[in-house]
Structure formats: C-alpha cells, structure tokens
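Peer 1: sequence and predicted structure below; questions after.
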Amino acid sequence: MIVTFPHMGNMHIAIKALMAGLKLEVIPPPPISKRTFELGIKNSPEFVCMPLKINLGNFIEALEKGADTIVMAGGWGPCRFGYYAQVEKEILEGMGYQFKMIVLEAPDSRIYDLVQQLKSLGENVSLWEAIKAIKYGWSKLNALEAVERSFDYYLPRARNQKRVEEIYDAASVSIDLAGSKTEAREAAWEAIRAMNCLELDSNQPLKIGLVGEIYTMLEPAANYDIFRLLGRMGVEVSRSTYLTEWINDHLMGGLVKKSTRKNLVACAKPYLNYEVGGHGLETVGNTVNYARQKYDGIIQIGPLTCMPEIVAQSILPRISEDEGVPCMTLWFDELTGTAGLNTRLEAFVDMLYRQKIRQTKNIKEA
Amino acid sequence: MRVGIPRGLFFHYYYPLWKTFFEDLGAEVITSLPTNRQTIEMGISSAVDEACFPIKVYYGHVRELCLGSLDYIFIPRLVSVETRSYICPKFMGLPDMIKACLPDLPPVIDMTVDVSKNDRMMVKEIARVGGLFCSRTKIIMEAYKHGQNELRKCRRFCIDQYNMSEAIRIWEGEQIPQPGDGDLNIGVLGHGYSVYDSKISMNLIERLRTMGCRVQVVETLDRGAIENCAATIPKRVFWTLGRKNVGAALYMEEQRGIDGIIYMACFGCGPDSMIGEIIERKVKSKPFMLLTIDEHTGEAGMVTRLEAFCDMLRRRRDLKSDSYISAHG
C-alpha cells in the first residue's frame, strides 16, 4: 500500500510525519504546479469549486508516481466538500486508474472514531503507536504555525523582507526533515529567533484580517500567496484560519486547545444567525471580531461559487457599514494572471493608508 | 394582517402549505407576480454577483412585495426538510442575506425549518410563527395540519403530467388543459425552483411540449422508486433535491418509455455542479443533455439545443437503438 493525499498548504509535512508513524509508505503529490491545475481543470466538472480541481490534479500526479491508495477527508454537507471524494473517485476510475480510496469522514466530535479510522490505515500499529503518530504530526503542525505567526509579524516590519521569506522557507524544510517532536520545535524556535534579530522599520504597519474558506486560506497555490503579497506591501496580516485550530474545533471536540469558536458564533449574531456549512459562519464571525479589534481592513477570500462564502459575502457590506471597517471580497479560480490581483490589493491597501493618515490627523487636530 | 410570500425558490414546493396555514390563522396572503423582466432586474441589481440566478430572482420578488404595504414578509430559513439532508447553504442563510442587502423590509418571519435530527424544533417554530397571529396553540397546529393536507392534495395533481408550478395553479382554481401526448418522452431534471419557473427556465417545459414531447419531472414519477434508485449510489447524497434528481435520473434510465434526459443546472449552483457530473457518469444508456442557465436572455441558443436534442432522439429511435454508441465509451 503506497498512500497519497491531497495538498493543503503545509499540511503535507504533518501528514507525512503521521503516515510515517503509522508505518505506511507515502508518496505525497508533487508540489502544485501549472500542470496540476491543467490536469485538474481538464478532468473535473466545469462549475465545480477550485479545490476539487486542484485535488484531482494532485491525485493524478501522485498516481502517476506510483501511489495506489488515496486518503481523503469527507463530510455530510451542506457544503460540496462532503461529496468531493465520491466525485473524484468516479472521475479517476473513469480515466482508468486503479487505486483504493479511503475516505475519512469527520466524526461528530468523537476523538475515538478518528483514532480508529487512522488505526485502520496502519496495518501493524498498536493504538499507542497510532496516538504517538498523531502527536508527532501535531507537533509539526504547531511548529509550522508558530513560524507562520512570526512570519506574518516580521515580513511587513523587516527592512530586509527577502531575508524573512528565506528564513521561513528554510524553516519549513527543516521542520519537514525533523525526526522527532523536539527537533521540530527547535527548528521553529531557531527560525523565530533568526527573525527576531532582524532590523525593523519603525513605522506601524497596517493591519488587515484575512477571512474566508479554509482551503483558499491555507493553500498558497490557491491564493497566489496573498499573505506574502500583502506582507511585502507592508501590511500585517492576521489569518483567521489555522489548521490546528480547525482540527481542534472539528475533530478533537475542542479538547486540545481553548476554542475560539463560541466567541465567533456570538460575534456573527445578529448578522448571521445560523450555521451555513463550510466556513460561512466563521467568516462572518471573524469579520465582526476583527472589526471590533479595530483592524484597518478585512479581505474575504474563497473559491469562486463557494456557497457558504457567498452567504457571507452578501452579509459583509452590512457589517462594513455597521462596524465601520472596509471589506473586500476576492474570488479565486483557475485564472493564472496575478496582475489583476496585485492591482486590487494595492488599491485597497492605498485606500486604507489614506484613511489611516486622515484619522490620525483628525485626532491630532482635535 | 397581510403576509407577503415571495414567488420564488421553495414557493414552488410548499406554497399550498404556507398559504393555508396563514389564511387559517386569519392572515391575508399576498404573493408577488410570476417572475418577469422587472423582477429579474430588481433582483440582479440587489444581490451579489456570485449568487445563483434563482436566488437573485428571489431578491426581486422580495423587493416587489416590499413596494406594497405588508405587515410581515415570509422568508423561511430552510435548513433541512427531511432527516439528515440539507437543501443548500444559501437557503440556510437566506433571511440573513436578504436582511443585509435590503434595508427597508417589513418585519420578516424567518421561520427555521430544520428536521434533520427530529421535528421538535419545527413544532416550536410553528408555534412561534403562529403565535404572531393567534394565541391558541391548538388552532395553530390544526392550521399546520390543514396546510399539510392541502399540500398533499396539490401534489396529487402531478400524477397527470403537471409539474409542481402548474399543480399549484390548479390548486388555486385555475384551469390548465392537460398536457397532450407527444411522440417523445423526455425526463426533465433540475432544481424545481428553476425548472418550473417559466421565466428562469426560459419556458423549457412548455417549449418541449410544443416540440411534441411528453415531459416527465421528478414529481410525476413514483416517489418510492426514485428513493430506491437513489439508494444505489455508494454515498447517500445529502442534498434533498440532489438526491431526488440522481434517483430520478437512474429510475428514468431503467424505464424503456423514456427517450432522453435533460438536466437543467444553474450557473454557480453548488449541488448542480456535482450532481450533474454524477448523473452524466451514471446514465450511460440514454441520451443526456446538461443545460446551464443564468441571467442571460438570449433564447435562441437554448431553442437550438432543444431542437437538436429532439431531432437526434427521433433519428435514434428510427434507426433502432442497437447501433447507439455511448459518448462515454
């Protein structure tokens, strides 16, 4: 059994560690490239949302490299993602590939089910080893996110922005190679220390909150690396979604970390009073939350035609008006030109700068 | 008390129930006009661009109703109308979307319909909504029961080849001649609120009938048989309408009498993008056509495709179906 799985940002590093702990042979799909997009787009339904197309491209490239088992997550709606695995299986089988597909359906907040599902993947692994594997993968995720957080802090502030990006890229490689939990943690600390030593600009950067659908948030190939684009423009970006938080809220029932979800649901009222699947409620809740923390602006991102995000998008103008925060929605699809995105981001950031200058002037005059 | 019910989305499935319920409680029910150019334009200008066409049209209906004087407007939040199934995320946020986009609304009755686990919440919501008009729970529950009976009565009209919108018109007392027999028998699938709305679907069903086709829709088929066929799919489809469409497509494929299947999808509709693909892959022995609609108004393209489809079916029938080669290999 040679296992593969879809890409989602840095997730492959953690999954590789997890699968190694389960004594499975893994072939991660090659990094998402233009070819991945092309393969995915060519073989998927036309109007399906972009993550499915990238998934499919990943699977095709991994199967070409010799994988024979696909591990995929599932769900029970109402978002389309719950049916991804089935459609992908049909398409791949239609293309003539021979493989086995293991669908991990998100259990209803019962960690035991998840452990059992993962254990079924490991043929000769005890429950204790399975838990150890999860912990190992989890530690890598945490290490990566710690680096990401300081990356988001230092990129807009550092004089030498290139250096920040280099440190980050090097750190993700060394965390990937780390053989134990301690090594992963040390690699993260080293990167954070290195960023700490950089010379900083004295200007206070703009603060923008990024909200939206999880795949677009986490996968740089799906969002043209919007975090770097904004960081280079001197904007401190807060990510509303971290994979560890999502896993904690949805798979571990909020056991591992303190969950922020309750607060988000409370923030979303009265704008959105019901769960709408996907990340719709989180997007609305996060927007309100950032607005109340006096962020300079909010950008919503999602794949084109994403249903929960459309609900959120319809509500954002109201929040923008009531809470007094500029909001912008960006949809991502298979389009490959970044000039349009850059222009829109620059215009938005310029507008925020001017607004900020105006506000500080007013305060001084008063 | 005047209650407005927009003529869009699940109006086409539940109007008799809602109308009976409100009228039994002493309210006057006002509906918007059937979808027309003005409804569409009002809808497009107020909804976000990315929303699907039927949702935009619904905005138009709401705005039209707001022009008159109303005490309440009924915009239900349809989460789930049967166990462990959903409609679509947009339906779950619809009252909130509308409240955020249209500022001068009359008080909204945003009743939450969620029976995915049990119907305890549903009973509570009916009592809450009924409480706006009447203080006696018994009368409210009777009105609801009466509504359900009326809905059942209305659905029975579909056996005579009427689609759900026509059934509602008949239920309201209109006389509609029974659709005539044609030489072709075509199954038309898709979300009822777009297929049965003659403006959204560009009059698809009527057009097919004038081309000499008998049209079968989900409601004219045997419910139990559809569910049985839908259950053959490896993973239960968790969208109510999606499951019915998949089941109906598989059922139609088995029926010798059905010559071809047309699936009408909405541009940007989430479930359609998946369901259309599944049906296309499962239905291999019958001609299948996927039509995508959005707010564009050019009808010629669709007419051409329908004519071509019908011509092809007729030729295929004349050639005897043995020589047919599946497009899917």
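Peer 2: Thanks, I have the structure now.
Peer 1: would you mind listing what in the stretch 151-300 of chain A touches chain B?
Peer 2: The stretch 151-300 of chain A comes close to chain B at residues A:271-278, A:280, as judged by Cβ under 8 Å from any Cβ of the partner chain. For every residue, glycine as well, the C-beta is placed using N, CA and C.
Peer 1: nearest residue to the middle of chain B?
Peer 2: Nearest residue to the geometric centre of chain B (Cα atoms, centre = their mean): residue B:192, 2.0 Å.
Peer 1: how close does residue A:13 sit to chain B?
Peer 2: Relative to chain B, residue A:13 is positioned 30 Å away (Cβ to the nearest Cβ, to the nearest Å).
Peer 1: so that residue makes contact with residue A:178?
Peer 2: No - checked against Cβ atoms under 8 Å, the pair residue A:13 and residue A:178 is beyond contact range at 9.1 Å.
Peer 1: give me the common contacts of these two.
Peer 2: By the contact definition Cβ atoms under 8 Å, 6 or more residues apart in numbering or on different chains, residue A:13 and residue A:178 are jointly contacted by residue A:140.
Peer 1: about what we covered before: quick one: pLDDT of the residue nearest to the centre of chain B?
Peer 2: pLDDT recorded at residue B:192 is 90.
Peer 1: residue A:154 too?
Peer 2: 93.
Peer 1: in three-state terms, label the closest residue to it other than its chain neighbours for me.
Peer 2: Excluding its sequence neighbours, the residue lying closest to residue A:154 (Cβ to Cβ, 6 or more residues apart in numbering or on different chains) is residue A:195, at 4.5 Å. The local conformation at residue A:195, judged by DSSP: H, G, I helix; E, B strand; the rest coil, is helix.
Peer 1: give me the neighbour count for residue A:195.
Peer 2: For residue A:195, the number of neighbouring residues by other Cβ atoms under 10 Å in any protein chain shown comes to 22.
Peer 1: pull up the gap between it and residue A:243, please.
Peer 2: Distance of residue A:195 to residue A:243, given as Cβ to Cβ, to the nearest Å: 21 Å.
Peer 1: what's the answer for residue A:176, then?
Peer 2: 15 Å.
Peer 1: same question, residue B:201
Peer 2: According to Cβ to Cβ, residue B:201 stands 42 Å off from residue A:243.
Peer 1: which one's more surrounded, the two?
Peer 2: Using other Cβ under 10 Å, the more surrounded residue of residue B:201 and residue A:243 is residue B:201, with 25 against 20.
Peer 1: A strand includes that one, no?
Peer 2: No - counting by three-state DSSP, residue B:201 is not found in a strand; it is coil.
Peer 1: now it: how far from chain A?
Peer 2: Counting by Cβ to the nearest Cβ, the gap from residue B:201 to chain A is 17 Å.
Peer 1: shouldn't that residue be in contact with residue B:194?
Peer 2: Yes - Residue B:201 lies in contact with residue B:194 (Cβ under 8 Å); the separation is 5.8 Å.
Peer 1: tell me, how many residues neighbour residue 160?
Peer 2: Chain wasn't specified; assuming chain A. Residue A:160 - counted by other Cβ under 10 Å - has 11 other residues nearby.
Peer 1: um, chain B though
Peer 2: Look at residue B:160: counted by other Cβ under 10 Å, it has 13 neighbours.
Peer 1: equivalent analysis for the one 5 residues further on, please.
Peer 2: With neighbours defined by other Cβ under 10 Å, the count for residue B:165 comes to 22.
Peer 1: once you drop chain neighbours, what's closest to it?
Peer 2: In this structure, residue B:165 finds its nearest non-sequential neighbour in residue B:196, 3.9 Å apart by Cβ to Cβ, 6+ apart.
Peer 1: what about the strands in chain A?
Peer 2: Taking DSSP state E as the criterion, chain A carries its strands at A:2-4, A:25-26, A:69-73, A:100-104, A:206-212, A:235-239, A:297-303, A:327-332.
Peer 1: with mean pLDDT, distance to residue B:42 and mean neighbour count as extra columns, can I get those in a markdown table?
Peer 2: Listed next are the strands of chain A as a markdown table, based on pLDDT from 0 to 100; distance: least, Cβ to Cβ, whole Å; neighbours: other Cβ atoms under 10 Å in any protein chain shown:
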| stretch | mean pLDDT | distance to residue B:42 | mean neighbour count |
| --- | --- | --- | --- |
| strand A:2-4 | 91 | 50 | 21 |
| strand A:25-26 | 90 | 55 | 17 |
| strand A:69-73 | 88 | 41 | 20 |
| strand A:100-104 | 84 | 44 | 16 |
| strand A:206-212 | 93 | 29 | 25 |
| strand A:235-239 | 93 | 38 | 21 |
| strand A:297-303 | 94 | 25 | 25 |
| strand A:327-332 | 93 | 22 | 21 |
